[in-house]
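> Mind looking at a prediction? Sequence and model below.
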Amino acid sequence: MCPWSKSAVCGGMLPRRHGLALLLLLPIPCLSSTFAGRVVRVLDGDTIEVLHNYHPERIRLSGIDYPEKGQAYGQRAKQATSALVFGKEVILQTFGKYGRTLADVRLLDGTHVNHTLVKDGWCWWYRKYAPGDTVLEGLEKDAREAKKGLWVDPAPIPPWVYRKARRGQSLDLSDLVPLESEPESSGTSHSPPQLGAVQSESSADNASPPYPVIGNRKSHIYHRPDCPNYSQVVPRNRIAFTSAAEAEAAGYRLAGNCP
């Protein structure tokens, strides 16, 4: 049996007598980067603070990415994380990467927090940084098919795409999400998700960008990918444009809540 250090079991204010129980609950190796503590803050859906050696340590949940605050479901997704972990004792298997502390987080009853949040449909499997995680891939697929959480939205925009759009950065192939309808024999796809939008006549014969500008036929308002209601337009009212300029030329105006 591998020894638990004081920082691993007691640094987060866990009584020492729980050490054996934690070992029995967790199917993970005993590593120096494993510690237990109480969640004292939820900054957003995938970032929490946990007491470690009597001080709060910021933790980014590994393998997942949450909607940003300005996106649809951003606040509800954060509430889902809070309901699951805030004020509770957790066990973390941590590793440093990209200048941050990443972790797989579990409750004391063995619940895998990262997996649960994807299973309940409140976040995305972060393909770019966890490309080989078939568990997260499967959980996201199941949540999408069951229309759980944010997947009720007919065309949710990945948070990494939203962030790039807000910064005015161009997308690369690794940012794009494969189409579910594509046959397995075609291999890995870098196509965008289906948005359910009808292309405008001027762009029907041209290749559309990964995430087009979406217009509402009824209100004649358009939304860029970084707009909060980008994916909220009712499918029957949607029309896709290749750019904001094209939408404005067609008589559409930018939604008032876009940044």
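Thanks, I have the structure now.

> Do you know the pLDDT at the closest residue in space to Asp65 that isn't next to it in sequence?
Leaving out its chain neighbours, the residue that sits closest to Asp65 by CB to CB, 6 or more residues apart in numbering is Tyr126, at 4.3 Å. C-beta coordinates here come from the backbone N, C-alpha and C atoms, glycine included. At Tyr126, the model reports a pLDDT of 93.

> what's the burial count for Tyr126?
For Tyr126, the neighbour count with other CB atoms under 10 Å is 23.

> Could you pull up the residues touching it?
Residues near Tyr126 by CB atoms under 8 Å, 6 or more residues apart in numbering: Gly63, Ile64, Asp65, Leu136, Trp160.

> same check, this time on Val85
By CB under 8 Å, 6+ apart, Val85 lies in contact with Val39, Val42, Ile48, Val105, Leu107, Val113.

> Do you know the pLDDT at it?
As predicted, Val85 sits at a pLDDT of 97.

> Repeat that for the one 4 residues further on.
Glu89 is assigned 97 on the pLDDT scale.

> looking at it, it is touching Arg38, isn't it?
Yes - using CB atoms under 8 Å, Glu89 is in contact with Arg38, at 5.4 Å.

> name the helices or strands packed onto the lengthiest strand in the chain?
Longest strand in the chain, counting residues (DSSP state E): strand 34-44. Applying 3 or more CB pairs under 8 Å, 6 or more residues apart in numbering; DSSP states H and E, one finds that strand 34-44 contacts helix 6-9, strand 47-52, strand 55-61, helix 74-85, strand 89-97.

> So for it, what gets flagged as buried?
Thr34, Phe35, Ala36, Gly37, Arg38, Val39, Val42, Asp44 (16 or more other CB atoms under 10 Å).

> Okay, now the unreliable bits of the stretch 51-200 of the chain?
Residues of the stretch 51-200 of the chain meeting the criterion pLDDT under 70: 98, 170-174, 176-200.

> show me where it has strands.
Per DSSP state E, counting those that start in this stretch, the stretch 51-200 of the chain carries strands over the ranges 55-61, 64-65, 89-97, 100-107, 124-125, 198-199.

> tell me the two of the contacts of Val85 that are most distant?
Val42 and Leu107 (14.1 Å; CB to CB).

> Give me whichever of the helices and strands packed on strand 34-44 is most buried.
Highest mean neighbour count among the helices and strands packed on strand 34-44 (mean count of other CB atoms under 10 Å): strand 47-52, with a mean of 21.

> Which one of the contacts of Tyr126 sits in the busiest neighbourhood?
Tallying neighbours with other CB under 10 Å puts Ile64 at the head of the contacts of Tyr126, with 25 neighbours.

> what's near enough to touch the spatially closest residue to that one that is not a sequence neighbour?
Of all residues not flanking Ile64 in the chain, Cys123 sits nearest, at 4.6 Å (CB to CB, 6+ apart). Shown in contact with Cys123 (CB under 8 Å, 6+ apart): Gly45, Asp46, Ile64, Asp65, Tyr66, Pro67, Ala77, Leu117, Leu150.

> Next one: the first one from Leu84, what distance?
In this structure, Gly45 lies at 10 Å from Leu84, with CB to CB, to the nearest Å as the measure.

> and Asp153, how many neighbours?
A count of neighbours around Asp153, defined by other CB under 10 Å, yields 17.

> next one: the longest strand of the chain to chain centre, how far?
19 Å (CA atoms, centre = their mean, to the nearest Å).

> same question, stretch 33-41
Between the centre of stretch 33-41 and the centre of its chain there are 21 Å (CA atoms, centre = their mean).

> and it, average pLDDT?
94.

> so what's His223 bridging to?
Ile214 (DSSP bridges).

> That one and Lys147, how far apart?
21 Å.

> likewise Asn257?
25 Å.
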